[in-house]
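Novice: After the sequence you'll find the predicted model.
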Amino acid sequence: MGDNDHQTHPLLPPHHPPPDSAVFTAESDDIALISGAGDFAGEFFVESKKLWYLAGPAIFTSVCQYSLGAITQVFSGHVSTLALAAVSVENSVIAGFCLGVTFGMGSALETLCGQAYGAGQVHMLGVYMQRSWVILNATAVVMSLLYIFAAPLLRAIGQTEAISAAAGEFSLWMIPQLFAYAMNYPMQKFLQAQSRIMVMAWIAAAALVLHTVFSWLLMLELRWGLVGAAVVLNASWWFIDLAQLSYILSGVCAEAWSGFTFKAFHNLWGFVRLSVASAVMLCLEVWYFMALILFAGYLKNAEVSVDALSICMNILGWTIMVSFGMNAAVSVRVSNELGACHPRTAKFSLVVAVITSTLIGILLSMVLIIFRHQYPFLFSNDSEVRAMVVQLTPMLAACIVINNVQPVLSGVAVGAGWQAAVAYVNIACYYLFGIPLGLLLGYKLDMGVMGIWSGMLSGTVLQTCVLFFMIYRTDWNKEASLAEDRIKQWGGHEHEDSKTHDCST
């Protein structure tokens, strides 16, 4: 790739973000070959700025949106024990399943929008987003059956009659949230691909503040109970959607959004396959750790085991929000750079993200280990539960380190469009290796919850090693060419003057 290959691209917006070391610009050159420690340190600093420019607001947005359901559960606990159980079960089982599917399917846009934006095919982002809306809303119509028949489904998996009835009624009221998910994630990926991250963070912050105030008002002061919980939670998610849509339609994204079009219905089948592969890849990871708590429920000392494990999973969930932000950032960086035919920069962004995430994981793990005898008091008054949490803390610390690296590698897979391959890797490592090993250690060898977790963590380690091997063997020049072919395949060259960078030179 010569020095003259990256003149100002005719498709770049007239008011494209000004040149800045933290902002991606498609007309920039690929990084030079790194020949020493000084070169590495300089490029590491530049790439870190670009990553954190995306990851910081993405982490904040994830935490705010993750907190909406948590705040509803907190206020539900002040309504009644049954209300808390109903909201918790609906959030974790019904909405949790559907959230995983819609989030996973929406992540297909990280590949397509990121690569199209990197290639200067900015006009395709709005079309891709609309295609994703069509597919996700159609999927939401099908998944609404889970909400409609939630009560009998919960009875079938062993929930009590009272909890099943209350959660089933609450699920019916929460159907609007399902369609809010379907609208939200395509818009998020659309904005992320253009590095318009701060607007999502501000919207999420405003939604969280309003959600907290109105949850208190409707659920406690006006005593609307579960009805109030449903009204506020639905309204909060639709507030996020409408605010993001208003921003997109305001003209700020004029090059990426040219209005509603029937092109959204073209090439749907290929889009569906990538969306389903993305959903399977991510859902297999989310459900894997949900299964850990399920298996703990069948141990001899089940109540203590489940309580201790739930505390650990709660802490792990918050730390994963950090890795999710880094996942989104590295996915955007890799897809942008591959689309712009910058294979060396794409590879280097991965190196920076892995090093950064590993250091964050080690820091968080050290804090937990140092305070392992103190932090369990924040979660439980039961001495047996606290003792088991202390015992599980080294395992939790190891899990945090692994789960800070693994999502970054998954983000690279999404950015490069490897979702289908990683889905097969997840099935083999998690469900054919990790779970059987965990059950063997936990039940047959009588190692209890430590055995189950050890076996399942081994599956995560194996999956991480496989992803490392895949990335190590990757021909990044070939991936850049594949990105160009993918853009052409899905309509990125519909204008005669549309040109992408020539990746073959």
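Specialist: Arrived safely, thanks for sending.
Novice: quick one: buried residues of stretch 149-164?
Specialist: 150, 151, 153, 154, 159, 163, 164 (16 or more other C-beta atoms under 10 Å). (Each C-beta comes from the backbone N, C-alpha and C, glycine too.)
Novice: which pair in those spans the largest distance?
Specialist: Pairwise distances across these peak at 12.3 Å for 153 and 163 (criterion: C-beta to C-beta).
Novice: Helix, strand or coil: sort out the most centrally placed residue in the chain for me.
Specialist: Centroid-nearest residue in the chain, with C-alpha atoms, centre = their mean: residue 324, separated by 5.2 Å. Secondary structure assignment for residue 324 (DSSP: H, G, I helix; E, B strand; the rest coil): helix.
Novice: and the gap between it and residue 231?
Specialist: 28 Å (C-beta to C-beta, to the nearest Å).
Novice: List the residues that contact the residue nearest to the centre of the chain.
Specialist: If you count contacts by C-beta atoms under 8 Å, 6 or more residues apart in numbering, residue 324 has them with 58, 59, 62, 407.
Novice: and what of residue 30?
Specialist: 1, 337, 341, 342, 343, 344, 345.
Novice: Looking at the first one now. What's its pLDDT?
Specialist: Predicted confidence (pLDDT) for residue 1: 40.
Novice: With the fourth one instead?
Specialist: Residue 342 carries a pLDDT value of 83.
Novice: One more: residue 61?
Specialist: 89.
Novice: what's the nearest residue to it if we skip its chain neighbours?
Specialist: Nearest residue to residue 61, sequence neighbours excluded (C-beta to C-beta, 6 or more residues apart in numbering): residue 204, at 4.5 Å.
Novice: For residue 205, which non-adjacent residue is spatially closest?
Specialist: residue 64 (5.8 Å).
Novice: For burial, what's the neighbour tally of the one you found?
Specialist: Residue 64 has 22 neighbours, counted by other C-beta atoms under 10 Å.
Novice: Please apply the same query to residue 361.
Specialist: Using other C-beta under 10 Å, residue 361 has 23 other residues around it.
Novice: so it is in which element?
Specialist: Using DSSP states H and E, residue 361 falls within helix 343-370.
Novice: got the contact list for residue 136?
Specialist: 102, 105, 106, 181, 182, 183, 185, 186, 275 are the contacts of residue 136 under C-beta under 8 Å, 6+ apart.
Novice: Apart from its neighbours in sequence, what residue is nearest it?
Specialist: Nearest non-adjacent residue to residue 136, counting by C-beta to C-beta, 6+ apart: residue 182, 3.9 Å away.
Novice: residues touching the one you found, list them.
Specialist: 102, 133, 136, 137, 139, 140.
Novice: in this structure, what secondary structure element scores lowest on mean pLDDT?
Specialist: helix 476-489 (a mean of 67; mean pLDDT, DSSP states H and E).
Novice: before we move on, the earlier item: how far is the helix holding residue 361 from where the chain is centred?
Specialist: From the chain centre to the centre of helix 343-370 is a distance of 17 Å (C-alpha atoms, centre = their mean, to the nearest Å).
Novice: Check which helices and strands it is in contact with.
Specialist: Applying 3 or more C-beta pairs under 8 Å, 6 or more residues apart in numbering; DSSP states H and E, we find helix 343-370 packed against helix 37-77, helix 302-339, helix 383-416, helix 476-489.
Novice: mind putting those helices in JSON lines, distance to residue 452 included?
Specialist: Listed next are those as JSON lines, based on distance: least, C-beta to C-beta, whole Å:
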{"stretch": "helix 37-77", "distance to residue 452": "25"}
{"stretch": "helix 302-339", "distance to residue 452": "9"}
{"stretch": "helix 383-416", "distance to residue 452": "10"}
{"stretch": "helix 476-489", "distance to residue 452": "37"}
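Novice: Out of those, which is closest to residue 468?
Specialist: helix 383-416 (6.8 Å).
Novice: Buried residues, the closest one. List them.
Specialist: 385-386, 388-389, 392-393, 396-416.
Novice: Hey, what's the angle from it to helix 343-370? Just curious.
Specialist: For helix 383-416 against helix 343-370, the angle between stretch directions is 180 degrees (axes from the mean of the first three to the mean of the last three C-alpha atoms, to 10 degrees).
Novice: any idea how far helix 383-416 is from the chain center?
Specialist: On the basis of C-alpha atoms, centre = their mean, helix 383-416 sits 16 Å off its chain's mean C-alpha point.
Novice: Over to stretch 46-65?
Specialist: Centroid displacement of stretch 46-65 relative to its chain, using C-alpha atoms, centre = their mean, is 13 Å.
Novice: do stretch 364-372 as well
Specialist: From the chain centre to the centre of stretch 364-372 is a distance of 25 Å (C-alpha atoms, centre = their mean).
Novice: Give me the mean pLDDT for it.
Specialist: Rounded mean pLDDT across stretch 364-372 is 92.
Novice: mind giving me the domain split of the chain?
Specialist: Listed by automatic domain parsing, the domain ranges of the chain are 57-265, 281-505.
Novice: Lowest average pLDDT across those domains?
Specialist: Across those, domain 281-505 has the smallest mean pLDDT, namely a mean of 79.
Novice: How far off centre is that one?
Specialist: Worked out by C-alpha atoms, centre = their mean, domain 281-505 lies 10 Å from the chain centre.
Novice: try stretch 183-190
Specialist: Put simply, stretch 183-190 sits 12 Å off its chain's centre (C-alpha atoms, centre = their mean).
Novice: mind saving the C-alpha coords of that stretch as PDB?
Specialist: Listed next in PDB are the C-alpha coordinates belonging to stretch 183-190 (Å, rounded to 0.1, in the frame of the first residue of the first chain):
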ATOM      1  CA  MET A 183     -34.800  -0.800  17.900                       C
ATOM      2  CA  ASN A 184     -32.000   0.100  20.300                       C
ATOM      3  CA  TYR A 185     -29.100  -2.200  19.400                       C
ATOM      4  CA  PRO A 186     -29.000  -1.400  15.700                       C
ATOM      5  CA  MET A 187     -28.900   2.300  16.500                       C
ATOM      6  CA  GLN A 188     -26.100   1.800  19.000                       C
ATOM      7  CA  LYS A 189     -24.000  -0.100  16.400                       C
ATOM      8  CA  PHE A 190     -24.800   2.600  13.800                       C
END
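Novice: Show which residues not belonging to that stretch make contact with it.
Specialist: Contacts with stretch 183-190, where a contact means C-beta under 8 Å, 6+ apart, come from 61, 102-103, 105-107, 109-110, 113, 125-126, 128-129, 132-133, 136-137, 200, 237, 240-241, 244-245, 248, 253, 256.
Novice: redo that, cut-off 6 Å
Specialist: 102, 103, 106, 109, 110, 113, 125, 129, 132, 133, 241, 244 (C-beta atoms under 6 Å, 6 or more residues apart in numbering).
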